[in-house]
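Student: turn this into a model:
(one chain, ligands or ions: 1)
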Amino acid sequence: MLHRTLREEAYVTNRQLGTSGLVDLTFGNVSIFDPGVGVFAIKPSGVPYAELTPGKMVLVDLEGRVLEGKLRPSVDMPTYRRLFQAFTGVRAVVHTHSRYATSFAQAGRPLPCFGTTHADYFDGAVPVTRPLTKTEIAEAYEWNTGNVIVETLQGRDPLAIPAVLVWRHGSFAWGSSGANAIETALALEIAAHLAFQTLALVPQRGEIEPELLNRHFQRKHGSGATYGQDAKH
Ligand SMILES: [Zn+2]
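Tutor: From the prediction side, this is the model:
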């Protein structure tokens, strides 16, 4: 069996997503990418999380060819393919319709950074994609979803803004591992919930002060990051 570890990580992470509270019904999945060989493992389409096994994961290459797996890959496969092609350093992508993040996506509003919870994970507002055109919806819809995400993040470091809201749809979040991408998807949902309540309390609330944003984001992600423990601990 090719890429046993890739299948294993995709299985573990999809099971984790199923119990994360981020998913209603089956609106969500995770894909794990091995940039060394240009292959990713993806959830099979329509299979409940509790029925997943490592062997049911589907292996796909960057051309969209199924290399291994008897089941059809998730319909979101072309979107993942586009993101893995474009985002260097990204090894895992999570897609969900988590409720608060999706509320902002449906409203067509970027998720503003109102506080340090958000700033610990995202270096500013989480953007929302433009609406797809009628042609983009009719032809290669999932691939074009990937295209507008890449277009929205153009000129930004995808690891500094590791999530996006997709117009009227949901969210994609990513990271350096399956566990990291799930954590980012959870942080996105928490930040969206907090932002929703902040706007209910103070509709005109402005975004966080840049110095506070920088302090928090850099403390966790900058070259001189001081958060957490060194590997030797
Ligand atoms: Zn979706």
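Student: every contact and neighbour count from this point should use C-alpha atoms.
Tutor: OK.
Student: mind listing what's buried along stretch 192-200?
Tutor: Within stretch 192-200, the residues that qualify as buried are 192-196, counting by 16 or more other Cα atoms under 10 Å.
Student: of those, closest to Ala140?
Tutor: Ala192 (29.4 Å; Cα to Cα).
Student: what sits against that closest one?
Tutor: 100-101, 104, 111 (Cα atoms under 8 Å, 6 or more residues apart in numbering).
Student: roughly how far does it sit from His118?
Tutor: Distance of Ala192 to His118, given as Cα to Cα, to the nearest Å: 9 Å.
Student: ok, Pro162 next?
Tutor: 12 Å.
Student: comparing the two, which residue is more hemmed in?
Tutor: Set Pro162 next to His118 and count neighbours by other Cα atoms under 10 Å: His118 wins out with 27 against 24.
Student: so that one touches Leu186, yeah?
Tutor: No - with contact defined as Cα atoms under 8 Å, His118 does not count as touching Leu186 (10.9 Å).
Student: on that earlier part again, what is the nearest of the contacts of Ala192 to Glu8?
Tutor: Ala101 (28.0 Å).
Student: please confirm that the closest one is located within a strand.
Tutor: No - applying DSSP: H, G, I helix; E, B strand; the rest coil, one finds Ala101 to be helix, outside a strand.
Student: that one against Ser171, yeah?
Tutor: Yes - Ala101 lies in contact with Ser171 (Cα under 8 Å); the separation is 6.7 Å.
Student: so which of those two has more stuff around it?
Tutor: More neighbours surround Ala101 than the other of Ala101 and Ser171, with 33 against 26 (other Cα under 10 Å).
Student: where is the longest helix in this structure?
Tutor: Of all segments of type helix in the chain, defined using DSSP state H, the longest is helix 178-201.
Student: hey, what's the residue most central in space within the chain bridged with?
Tutor: Residue closest to the average C-alpha location in the chain (Cα atoms, centre = their mean): Ala173, at 1.5 Å. For Ala173, the beta-bridge partners are Val94, Ala163 (DSSP bridges).
Student: I'd say it and Pro162 touch.
Tutor: Yes - assessed by Cα under 8 Å, Ala173 is found in contact with Pro162 at 5.7 Å.
Student: residues shared between the contacts of those two?
Tutor: Counting by Cα under 8 Å, 6+ apart, the residues touching both Ala173 and Pro162 are Thr184.
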